[in-house]
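Sharing a model that was predicted from the sequence below.
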Amino acid sequence: MGATSTPRARKPAHAQAFTRKLLAWWARAARDLPWRRTRDPYRVLVSEFMLQQTQVSRVTEYYPRFLDRFPDLEALARARPRAVREAWDGLGYYARASNLHALARAVSRDHGGTLPDTPDDLIKLPGVGPYTAGAVATFAYEKAVPAVDTNVSRVLRRVFFDRATSNLQRATKIWELARALVPKNGKRAWKFNQAVMELGALICVARKPKCPQCPVRPVCRTGKSRRTKD
């Protein structure tokens, strides 16, 4: 299930406690990242393309330089492919730069230079999958929609699914669960989506998760049973 609109599933019994603990942790532990200080759709979009398969530390270096060279979507749309590749040089996965450039041109041509604000429309653009569509909708436009990347999927799987659940069942239900958990208020949805990603990036990591430090461990099916120590 992707980022497109479907009815919300029923929330798990401990969803409210999960959200409360998560947002309390986010308020005190969130990293100050430049793309979190803006709701400008173009800037959010650039950050999301750069963050695909690239460490945050690298993106914080390239992000401001890229925006200095291409400060808005129209500037990027007018740019020559070679200039875009040069600005991206060193980040790797260069298809992202080509897709971002193609997207800018498509939006300039077909949408009057305004990036769409719904996942259903965003996902039709070059290089945009379910996660990026949800991320731009919620982080730029504060839409109450899920944004499930690798970190989010890992957190939700560990917190809400037991080991008896097959990998296939979990994979097909993650988006449904995320949609049920996202607060209906847009500003709160922004915080929630950012917070789940942050938890997956800093605490609920793929290897050696820091369960003793985890703010949601009391309601986490996996964390409560782990004996992991720092």
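Noted; the coordinates are in hand.

can you tell me which helix or strand the closest residue to P126 other than its chain neighbours belongs to?
For P126, ignoring the flanking residues on the chain, the nearest one in space by Cβ to Cβ, 6 or more residues apart in numbering is A102 at 4.1 Å. No exception for glycine: its C-beta is placed from N, CA and C like everyone else's. For A102, the element it lies in under DSSP states H and E is helix 95-110.

Give me the buried positions along that helix.
For helix 95-110, a neighbour-count test (16 or more other Cβ atoms under 10 Å) marks 96-97, 99-105, 107-108 as buried.

next SSE after it?
helix 119-122.

Strands of this structure, start to end?
Counting by DSSP state E, one finds no strands in the chain.

the bottom helix or strand of it by mean pLDDT?
helix 167-181 (a mean of 81; mean pLDDT, DSSP states H and E).

Tabulate the CA atom coordinates of the helix holding A102 in PDB.
C-alpha atoms of helix 95-110 as PDB (Å, rounded to 0.1, in the frame of the first residue of the first chain):
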ATOM      1  CA  ALA A  95      20.000   9.500 -11.500                       C
ATOM      2  CA  ARG A  96      18.500  11.500  -8.600                       C
ATOM      3  CA  ALA A  97      19.800  14.700 -10.100                       C
ATOM      4  CA  SER A  98      18.400  13.900 -13.500                       C
ATOM      5  CA  ASN A  99      15.000  13.000 -12.000                       C
ATOM      6  CA  LEU A 100      14.900  16.100  -9.900                       C
ATOM      7  CA  HIS A 101      15.800  18.200 -13.000                       C
ATOM      8  CA  ALA A 102      13.100  16.400 -15.100                       C
ATOM      9  CA  LEU A 103      10.600  17.000 -12.200                       C
ATOM     10  CA  ALA A 104      11.300  20.700 -12.100                       C
ATOM     11  CA  ARG A 105      10.800  21.000 -15.900                       C
ATOM     12  CA  ALA A 106       7.500  19.000 -15.700                       C
ATOM     13  CA  VAL A 107       6.200  21.100 -12.900                       C
ATOM     14  CA  SER A 108       7.100  24.300 -14.700                       C
ATOM     15  CA  ARG A 109       5.500  23.100 -17.800                       C
ATOM     16  CA  ASP A 110       2.400  21.300 -16.500                       C
END
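
I would like the residues contacting that helix, please.
With contacts defined as Cβ atoms under 8 Å, 6 or more residues apart in numbering, helix 95-110 is touched by 45-46, 49-50, 52, 73-74, 76-77, 79, 81, 84-85, 87-88, 91, 113-116, 125-128.

run the last query once more with 6 Å
Helix 95-110 has contacts (Cβ atoms under 6 Å, 6 or more residues apart in numbering) with 49, 52, 73-74, 76-77, 84-85, 88, 115, 125-127.
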